[in-house]
Every structure is written in structure tokens, then in C-alpha cells.
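> After the sequence you'll find the predicted model.
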Amino acid sequence: MYSIRKYLPSDKERLRHICKETTGEENKKNAALLESIPIIFNDYFTENEPDNVFVAVNEENIAVGYVICSTDILLFRKKMLSEYSKRVRKTYPASLFMHYASVAAVLITKKQYRTHLHIDILPEAQRQGLGTKLIDALCSHLKTKGIKNVSVLTISRKSMGYKFYKKYGFRQVACISPDRITMTYDIN
């Protein structure tokens with residue numbers, strides 16, 4: 001049985017582990033590249049906006065998945081372009097392109113869609129409704145902050161994630177490339 005709860009600082013390393021476990025297989029072939037993945041896609045959120053992080057936990061209260069969200073575009077941009085760029089460069093300079101691409105996706109997204117999320121769930125905990133429960137928890141939280149929508153900034157139309165977000169009720173708001181789009185969900 002799994003449950004959803006707010007992020008705790010003690011979850012940080014486990015969330016970094018989940019981020020690495022759920023990244024694409026091509027990213028796992030190089031240890032330094034793999035170590036840069038949570039710096040690019042996870043650490044900002046747990047270190048700067050932890051109130052916007054929810055975790056799915058097992059019976060032992062160990063995280064098996066999470067949803068992370070940024071609601072502060074100015075802080076996100078500042079920190080990602082300074083502090084996190086330095087960390088990525090130190091860990092694996094070749095992944096700076098991936099880092100800057102993730103920041104650029106936020107900056108080119110229309111202002112009203114810049115509150116963005118990222119979700120990862122370990123394979124053994126997938127297909128059990130945790131993604132829906134995580135986004136439900138996040139949206140309830142965002143609603144109390146007066147936020148009207150949340151977006152997934154770049155997602156492949158061929159991915160399982162795309163099908164999940166579409167089923168949840170996300171809609172396309174921008175096309176990044178022939179395959180990659182931005183989707184948003186209007187919080188009621």
C-alpha cells in the first residue's frame with residue numbers, strides 16, 4: 001500500500017536516486033552524466049521550493065515516487081543559471097546543453113504556463129494510481145496559493161507520460177518541435 005505526503009528534507013537523497021533510476025537508459029551509460037541528472041532535474045526543487053514537492057511512499061515510509069514543482073520563475077531562472085550551472089559543469093560539463101535546454105524551455109514558455117512540474121515514479125510502483133494521486137495533491141496545494149494552472153514543459157508525444165497527462169486532463173499549449181510539446185492543466 002502506498003500513500004502520498006509532503007516532502008521531508010530526509011527524502012532528498014532518495015528523490016535523487018529515483019531521478020537517476022527513472023532517467024533514460026542512454027543517460028545511465030556514463031556515471032558522471034548520470035550524476036548530473038538530478039542536479040538538472042531535481043535538486044533545485046527540493047532545495048528551493050520544497051513546499052511544492054509531494055512524495056509517494058511505501059509502507060516503510062520510503063519514497064517510491066514524487067512530483068516536484070516550481071512556482072517562482074524568477075528564482076528558478078536565477079538559481080539554475082548560476083548555482084546549478086556551476087554544479088553541472090563540475091560534475092559533467094557535457095551535460096550543460098541538457099541543463100540549459102531545460103532552463104530555456106521555461107523561459108520560452110508563455111508567462112501564464114511557467115508553473116511547471118516534473119514527476120518520477122519507480123517502475124515497481126507505476127500503474128497503481130500514484131501519478132494521479134501525486135498530481136491531485138500538488139494541484140490542491142497550488143490552488144491554496146491561488147495558482148490557476150500547472151504545466152509539463154517538454155514532453156514527447158510518443159512517451160507514456162504524454163498518454164498519462166492527456167488522460168489526466170492536460171492540454172497542449174505549445175509545440176517545441178514536431179515531437180515535443182508543452183501541456184498544461186487548469187486547476188479548478
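All right, it came through fine.
> Could you name the helices and strands sitting against the helix or strand of the chain with the lowest mean pLDDT?
One helix or strand of the chain scores below all others by mean pLDDT, DSSP states H and E: helix 96-108, with a mean of 80. Where contact means 3 or more Cβ pairs under 8 Å, 6 or more residues apart in numbering; DSSP states H and E, helix 96-108 is packed against helix 31-41, helix 73-79, helix 85-91, strand 149-156. Every C-beta, even on glycine, is put in place using the N, C-alpha and C of the backbone.
> one more time with 6 Å
Packing partners of helix 96-108 (3 or more Cβ pairs under 6 Å, 6 or more residues apart in numbering; DSSP states H and E): helix 31-41.
> got the angle for the helix it packs on vs helix 96-108?
Interaxial angle, helix 31-41 versus helix 96-108 (axes from the mean of the first three to the mean of the last three Cα atoms, to 10 degrees): 10 degrees.
> what's the least confident helix or strand of the chain in contact with?
Ile40, Met80, Val88, Leu153, Thr154 (Cβ atoms under 6 Å, 6 or more residues apart in numbering).
> Nearest residue to the middle of the chain?
His118 (1.8 Å; Cα atoms, centre = their mean).
> before we move on, which element is it in?
In this assignment (DSSP states H and E), His118 forms part of strand 116-121.
> got the angle for that strand vs helix 31-41?
Angle, strand 116-121 to helix 31-41, by the same axes, to 10 degrees: 130 degrees.
> For the next helix or strand after strand 116-121, name the packing helices and strands.
Next helix or strand after strand 116-121 toward the C-terminus (DSSP H and E): helix 130-144. Contact partners of helix 130-144 among helices and strands, from 3+ Cβ pairs under 6 Å, 6+ apart: strand 53-57, strand 63-70.
> and the closest residue to Thr46 other than its chain neighbours, what pLDDT?
Closest residue to Thr46 apart from its sequence neighbours, by Cβ to Cβ, 6 or more residues apart in numbering: Lys12 at 5.2 Å. Residue-level confidence at Lys12 comes out at 98, pLDDT.
> Could you provide the contacts of helix 96-108 in JSON lines, with additional columns for neighbour count?
Shown next, in JSON lines, are these (neighbours: other Cβ atoms under 10 Å):
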{"residue": "Ile40", "neighbour count": "25"}
{"residue": "Met80", "neighbour count": "23"}
{"residue": "Val88", "neighbour count": "24"}
{"residue": "Leu153", "neighbour count": "23"}
{"residue": "Thr154", "neighbour count": "20"}
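> which one of those is nearest Asp186?
Leu153 (16.2 Å; Cβ to Cβ).
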